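Chemist: Predicted model follows, preceded by the sequence.
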Amino acid sequence: MFSTLDVDIRPSSGIGMLELGSSLWSVITMLRAMQHLFPQVEVKFDSDNSSTTPVILHLRPHFDLLFSAYDQRLHTICLRKLRGPHPPINLRYKDSVICSGEEPLVKVQISRTFGPTYPGDELKYPGVWFSFDDDAINDGLKGTSSHAIADDRLKEVKRIIVTQKNAQDGERDPLDEVTLCPVMYGDVSRAVVKINNGVLLHFYGPLGPTVSSLHVRLGETTAQALSLDLGPPSRVHYKEDERMTIHSPKPQMEEDNQSTDYFYNYFHHGIDFLISGQTHIVRKIILHSNVPGSPLFQRYKRCPWELEGKPEDDEDDSPPRMRLTDKFEAISHFLSPRDPPPSMVHDRTEYEDTITLPSATSRLYGYDGVILEVNEASQVVAVMLF
């Protein structure tokens with residue numbers, strides 16, 4: 001016996017527990033706690049360009065979710081199989097139930113509930129539209145149904161699509177980024193990396209994406225300051241893996257200095273801070289790209305990092321930058337015009353027997369003040385500042 005899925009339609013906003021503008025990380029985290037309703041979740045992405053192309057979640061059997069390419073924000077919600085029994089759906093709009101149980105939702109009910117709209121094959125309203133085809137693959141077959149319904153008013157709604165309103169009242173491009181909405185407030189909108197200095201974090205807010213900011217400086221910012229400005233970390237993790245100290249010029253001294261170091265993990269910002277156990281000051285900063293198909297996918301929300309280059313002069317207020325959408329080769333040339341430095345192979349699944357990935361290994365490339373972790377598709381999956 002399946003629990004009834006009780007959801008409400010909110011044009012331009014969401015359906016049920018799904019809110020437009022939510023991050024991919026937060027939606028999947030929520031779904032993990034709702035496996036009784038969504039036991040099967042399929043993630044689809046372009047494996048060759050997974051950091052720069054949209055991500056689709058299929059929640060069998062009712063929902064298809066489209067997430068934007070760069071910010072990984074929920075862009076479009078599609079609700080289908082309205083009469084599917086696993087689980088059954090109770091659909092509401094405002095205070096009215098418009099679909100429940102085995103009774104079909106038909107065109108005339110939509111017109112009565114939402115009012116008049118422009119003519120077309122679908123009923124389209126600002127922020128929501130109703131389709132009478134089972135799937136987009138049938139778009140080319142409109143008007144050729146072998147069981148045409150005599151009364152057009154009784155056509156059954158097969159799919160409901162919710163997306164943000166377009167400023168020009170037109171249809172939104174599925175490849176557009178999500179416009180600012182309240183669910184994004186407080187999230188990192190940009191993380192500008194200042195090499196050998198730290199990172200400047202910008203946050204979404206009611207007045208825009210860059211109104212408030214926080215500069216975290218290597219060797220200066222304290223753990224207490226992080227807690228005050230960013231809130232308590234998701235987790236405090238004491239550093240146990242000392243294998244990299246073998247590459248230090250003075251490995252024993254490095255090991256002694258790091259023996260009590262600890263991480264502040266901010267999973268919801270996609271950032272880790274390594275804190276000195278002696279001075280409690282930030283020593284290293286790690287920014288995560290949340291690339292689908294990588295071993296760290298979904299452990300961290302995507303951090304929209306940008307590597308800032310040197311300004312041309314003192315009056316240059318827009319120095320050159322490279323972003324997470326850029327390929328490794330371009331970023332490497334940006335950091336150093338010479339050939340890429342020697343790399344080390346890193347396998348994050350070597351202690352994870354339950355994880356099987358087509359490409360589990362990555363490579364670590366070191367530059368002045370920066371280490372890049374790069375996958376086989378030349379996508380930078382993490383940036384470490386030191």
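Modeler: Structure received.

Chemist: just checking, Gly277 touches Phe263?
Modeler: No: with contact defined as CB atoms under 8 Å, Gly277 does not count as touching Phe263 (10.9 Å). C-beta coordinates here come from the backbone N, C-alpha and C atoms, glycine included.

Chemist: The lowest-mean-pLDDT helix or strand in the chain: what's the following helix or strand?
Modeler: Ranking every helix and strand in the chain by mean pLDDT, DSSP states H and E puts helix 251-258 at the bottom, with a mean of 52. Counting by DSSP states H and E, the element after helix 251-258 in chain order, helix or strand, is strand 262-266.

Chemist: and that following strand, what's its mean pLDDT?
Modeler: Averaged over strand 262-266, pLDDT sits at 97.

Chemist: which outside residues touch that strand?
Modeler: Here strand 262-266 makes contact (CB atoms under 8 Å, 6 or more residues apart in numbering) with 223, 226, 230, 233-239, 272-275, 277.

Chemist: which one is Trp25 nearest to, not counting chain neighbours?
Modeler: Here the nearest residue to Trp25 in space, its sequence neighbours aside, is Lys301; by CB to CB, 6 or more residues apart in numbering that works out to 3.7 Å.

Chemist: wait, I meant Val282
Modeler: Counting by CB to CB, 6+ apart, the residue nearest Val282 is Thr221, at 4.7 Å.

Chemist: My guess is the one you found contacts Val199. True?
Modeler: No: counting by CB under 8 Å, Thr221 does not reach Val199; the two are 9.8 Å apart.

Chemist: between those two, who's got more neighbours?
Modeler: The neighbour count for Thr221 versus Val199, taken as other CB atoms under 10 Å, is higher for Val199 (28 against 20).

Chemist: Identify the residues contacting the residue nearest to Val282.
Modeler: By CB under 8 Å, 6+ apart, the neighbours of Thr221 are 198, 281-282.

Chemist: What's the ChimeraX syntax to select whichever of these are buried?
Modeler: The buried residues among the contacts of Thr221 can be selected in ChimeraX (16 or more other CB atoms under 10 Å) with this line:
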select :198,282
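
Chemist: okay, the contacts of Thr221 in CSV with secondary structure, pLDDT and distance to Lys44 next?
Modeler: Below are the contacts of Thr221 laid out as CSV (DSSP: H, G, I helix; E, B strand; the rest coil; pLDDT from 0 to 100; distance: CB to CB, whole Å):
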residue, secondary structure, pLDDT, distance to Lys44
Gly198, strand, 98, 36
Ile281, strand, 97, 43
Val282, strand, 98, 37
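
Chemist: Excluding covalently adjacent residues, which one is nearest to Arg299?
Modeler: Phe267 (6.7 Å).

Chemist: Return the residues in contact with the one you found.
Modeler: 25, 234-235, 299-301.

Chemist: Show me these that map onto helices.
Modeler: Trp25 (DSSP state H).

Chemist: Could you write me a PyMOL select line covering just the buried ones among the contacts of Phe267?
Modeler: A single PyMOL command selects the buried members of the contacts of Phe267 (16+ other CB under 10 Å):
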select buried, resi 25+300+301
